[in-house]
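**Student:** Predicted coordinates and the sequence they were generated for:
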Amino acid sequence: QVQLVESGGGLVQPGGSLRLSCAASGFPFSRYGMSWHRQASGKGRELVALISAAGGTTNYADSVKGRFTISRDNARNTMYLQMNNLKPDDTAVYYCNSDFDSGQYWGQGIQVTVSS
């Protein structure tokens, strides 16, 4: 059974940092690209960052470039998103996704709220 489980969200003040984790199971994690997405209230889901299977290639949405870093530990079947200098516009539910099986599997999402 494929599972993607996000953790590490919460409430943080503007300028603060959080690190999200995505624990994967049920598929050969190290063979597939992974990505983070987010959905703010009343808006569509948007791609935040993606990483290749081996971790050597990453891409970011313009809105998070220079502030967020995506990474993965294939030995632990886990992907991360380090978020620095957070802004109120980063408030959203964050989801992880895998390229496995045409990307049909999603995590349950984790809330990140940036507010003073």
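**Tutor:** In hand now; what should we look at?
**Student:** What backbone torsions are found at Tyr105?
**Tutor:** Dihedral pair for Tyr105: phi -100, psi 130, per degrees, to the nearest 10.
**Student:** Not counting its neighbours along the chain, what's nearest it?
**Tutor:** Spatial nearest neighbour of Tyr105, excluding adjacent residues (C-beta to C-beta, 6 or more residues apart in numbering): Val2 at 4.7 Å. Placement of C-beta: from N, CA and C, glycine included.
**Student:** For Trp106, see how far away the one you found is.
**Tutor:** From Val2 across to Trp106, the span is 10 Å (C-beta to C-beta, to the nearest Å).
**Student:** Give the buried residues for stretch 4-13.
**Tutor:** Buried residues in stretch 4-13, defined by neighbour count with 16 or more other C-beta atoms under 10 Å: 4, 6, 8-9, 12.
**Student:** meant to ask about stretch 94-113, not that
**Tutor:** 94-100, 105, 107, 109-110, 112.
**Student:** Alright, that wraps it up for me.
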